[in-house]
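Undergrad: sequence and predicted structure, then a few things I'm wondering about:
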2 protein chains.
Amino acid sequence: MFENSQEQRTNLSELGEFGLIDHLTKQLESKQESTIKGIGDDAAVIDFKHKQTLVSTDFLVEGVHFDLAYMPLKHLGYKAVMVNLSDIYAMNGTASQVTVSIAVSNRFPVEALEELYAGIQLAAKMYQVDVVGGDTTSSTSGLIISVTAIGYAEEKEVVYRSGAKANDLLVVTGDLGAAYMGLQILEREKQVFKANPNAQPDLDQYTYLIERQLKPEARKDIPPLLKALDVKPTSMIDISDGLSSEIIHLCKNSKVGANLFEEKIPLDPALISVCEEFELDSTTVALSGGEDYELLFTIDQGDYDKIKGNPNLTVIGHIAEEKEGMHLITRANQKLPLIARGWNSMPKED
Amino acid sequence: MFENSQEQRTNLSELGEFGLIDHLTKQLESKQESTIKGIGDDAAVIDFKHKQTLVSTDFLVEGVHFDLAYMPLKHLGYKAVMVNLSDIYAMNGTASQVTVSIAVSNRFPVEALEELYAGIQLAAKMYQVDVVGGDTTSSTSGLIISVTAIGYAEEKEVVYRSGAKANDLLVVTGDLGAAYMGLQILEREKQVFKANPNAQPDLDQYTYLIERQLKPEARKDIPPLLKALDVKPTSMIDISDGLSSEIIHLCKNSKVGANLFEEKIPLDPALISVCEEFELDSTTVALSGGEDYELLFTIDQGDYDKIKGNPNLTVIGHIAEEKEGMHLITRANQKLPLIARGWNSMPKED
């Protein structure tokens, strides 16, 4: 896991900018009907006919969003695509293209970028999106990835953050908190490795949590599932920053309040057991952990029967009037205000 | 020019991530009919009706693409937008939206980012594009800007790099080399300033060249001009890396050769005089300088009368069969192979 050896090392300067782009993108084939022109011109050309275009973009910065000590480059490439596709699914849309730009220092050999692109390519294949453009440039320090995801939806299908109304049900997909605890395990192992580079980590029991951190999957399945169930959410958002902060976003955009029931928050058994080991409260982890890339949405109460019993979907609360505020109802029936924990600290410059 | 003082300094951490995004984007208003939803949801929503969507993206990295010693942040914001709009115009399209992501270290106060956004906003206003999204994150070192430009065109209007054919005329807009010499002047002044911080630079005679470097303008006017002249180029590309390298791109994509006439290359008198001062060959500067953001395109010979005499357009050569290769015909009537100079060196990591 913590190996840093490279069998082969080709310096980036041996290929030059154009050579590098050609080398990394030569295996990328456009397969989407909407991709008229992918990589190789001034701009990509896309034809969504009468559908609306969805665009979302995110940065991943080394030392801020990822640590290459335990993040394999192939996983990083995969995750960089996931993070962005998740935003398209959160609009109830279909993702169809991405552009991927990387800025990289000469610390990285060509083989490292090949690994990164292998992950990008795998994600593109699994999620049926075309890589239609990007930029490859040098950086003075580290690796920075910028992905823009492009997708489409019929005008009447698009779901915004702003449509939730009082008495709607608050629903979440999958389970929460696992990606955060996966990160805690990896951080702990990094410290163990620093102290004793010959230690053999036994991480078998943490597989699920580590995978949620290193190889998250965006919920491509949810928009078609909702369509099949004949449910159009009244509002939707993806969970990148922790449940609490996303509920607050939804509520602020929809000008409503919410009640979230602690006992309803879906947690994986592996998460509960690791939280005990780390002496962390699992609810706090689910509320503030982030990086789960699940979807949070609201539906009209009348649609409850359509989603009831679906193993992918959990009703965790309901929307209230704005003046009622946003609260967590604990297992002990206490009513606590929801607090957002965003990115509130800036790392110091080296 | 080289001042580094800030009257007010608000640390980024005082605002936090969400506060920072809100603060920087609150003045951005969407004005394009096609922008259904701009900043504030998981993805922007754009409706181009039946038109095709154009997408292009570029990175600007501190220490690689710009030097804040002489690049004011407002200009940098403006230029970051220009560089990307230029790619949309090079497809013969209309630019309508941009997303702007910035990664920034805590070396920068909020006021510095306000300056950067003021430039972005000015560019958006002047070029009638909406800022519809982006990401603001911390970096461990320096400032990195990633812009994605989005535009549209009718299917039949889109111009690719691949349509040039033998005997087409090779045409360029504006004049070349000025941005590169502007950079040389700024670099020289930086050295003077380092040696004597009290020196008062007299840069009046270099105004045009410096402006071409610090505040380039993308050729928004060219697609409508060509339409008005009833000319559809057979191929087009924007000149970001120097004329030579762009001609090679066009030729390779179109599987043709080209003859470029040295005496036809449009040069501003200020460029010629500064090249003499710096003892540089002005043709070499125009061929390899880059950052001019002019457009290079090819037209059918039959369209020559339509563009003849237009002060924006200069015929600089013609397309040849692929087997004839790509050449510069010098003033002395020598035939020299065209050589691309891209980005062939990587800066060392600090």
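TA: Structure received.

Undergrad: A:L76: what secondary structure?
TA: helix (DSSP: H, G, I helix; E, B strand; the rest coil).

Undergrad: residue contacts, it?
TA: By Cβ atoms under 8 Å, 6 or more residues apart in numbering or on different chains, the residues touching A:L76 are A:60, A:66, A:68, A:116, A:119, A:145. The C-beta positions use only the backbone N, C-alpha and C, and glycine is treated the same way.

Undergrad: okay, now the closest residue to the third one other than its chain neighbours: neighbour count?
TA: Here the nearest residue to A:L68 in space, its sequence neighbours aside, is A:E62; by Cβ to Cβ, 6 or more residues apart in numbering or on different chains that works out to 6.5 Å. Using other Cβ atoms under 10 Å in any protein chain shown, A:E62 has 22 other residues around it.

Undergrad: dihedrals phi and psi, A:E62?
TA: Main-chain torsions, A:E62, degrees, to the nearest 10: phi -60, psi 140.

Undergrad: tell me how far it lies from A:I102.
TA: Distance from A:E62 to A:I102, counting by Cβ to Cβ, to the nearest Å: 11 Å.

Undergrad: show me chain A divided up by domain.
TA: Following automatic domain parsing, one gets these domains for chain A: A:12-157, A:169-337.

Undergrad: returning to that earlier point: wait, the residue nearest to A:L68 sits on B:T140?
TA: Yes - at 7.3 Å, A:E62 counts as touching B:T140 under the criterion of Cβ atoms under 8 Å.

Undergrad: can you check which residues contact both of those two?
TA: Contacts common to A:E62 and B:T140, judged by Cβ under 8 Å, 6+ apart, are A:G142.

Undergrad: poorly predicted segments of the stretch 1-150 of chain A, please.
TA: For the stretch 1-150 of chain A, applying pLDDT under 70 flags the ranges A:1-7, A:16-18.

Undergrad: same question, the stretch 201-350 of chain A
TA: A:341-350.

Undergrad: what ranges does it have for its helices?
TA: A:207-214, A:222-228, A:243-254, A:269-278, A:282-288, A:304-307 (DSSP state H, counting those that start in this stretch).

Undergrad: dump those helices to a markdown table, plus mean neighbour count and distance to B:K215.
TA: Output for these, formatted as a markdown table (neighbours: other Cβ atoms under 10 Å in any protein chain shown; distance: least, Cβ to Cβ, whole Å):
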| stretch | mean neighbour count | distance to B:K215 |
| --- | --- | --- |
| helix A:207-214 | 20 | 44 |
| helix A:222-228 | 17 | 43 |
| helix A:243-254 | 22 | 36 |
| helix A:269-278 | 16 | 53 |
| helix A:282-288 | 22 | 44 |
| helix A:304-307 | 14 | 54 |
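
Undergrad: so which of those gets nearest chain B?
TA: helix A:243-254 (6.9 Å; Cβ to the nearest Cβ).

Undergrad: which strands and helices lie in contact with that closest one?
TA: Helix A:243-254 sits against strand A:235-239, strand A:257-261, helix A:282-288, strand A:294-299, strand A:326-329, with contacts defined as 3 or more Cβ pairs under 8 Å, 6 or more residues apart in numbering or on different chains; DSSP states H and E.

Undergrad: nearest to chain B, of these?
TA: That would be strand A:235-239 among the helices and strands packed on helix A:243-254, by Cβ to the nearest Cβ, at 5.8 Å.

Undergrad: which residues touch the closest one?
TA: Taking Cβ under 8 Å, 6+ apart as the rule, strand A:235-239 contacts A:86-87, A:89-92, A:159-164, A:168, A:172, A:176, A:218-219, A:246, A:249-250, A:253-254, A:290, A:292-298, B:42.

Undergrad: that one: partners in the sheet, and parallel or antiparallel?
TA: Applying DSSP bridges, strand A:235-239 is found paired with strand A:294-299 (antiparallel).

Undergrad: circling back: find residues that contact each of A:E62 and A:I102.
TA: Joint contacts of A:E62 and A:I102 (Cβ under 8 Å, 6+ apart) are A:143-144.

Undergrad: can you pull up the residues of the stretch 101-250 of chain A that come close to chain B?
TA: A:101, A:103, A:105-107, A:132-135, A:137-142, A:144, A:146, A:148-151, A:155, A:158, A:160-162, A:236-238 (Cβ under 8 Å from any Cβ of the partner chain).

Undergrad: give me the buried subset of the residues you listed.
TA: A:101, A:103, A:105-107, A:132-135, A:137-142, A:144, A:146, A:148-151, A:158, A:160-162, A:236-238 (16 or more other Cβ atoms under 10 Å in any protein chain shown).

Undergrad: mind listing which of those are in strands?
TA: Judged by DSSP state E, those include A:101, A:103, A:132-133, A:137-138, A:144, A:146, A:148-151, A:236-238 as members of strands.

Undergrad: what is the most widely separated pair among the residues you listed?
TA: Across these, no pair lies farther apart than A:S138 and A:M236, at 38.5 Å, counting by Cβ to Cβ.
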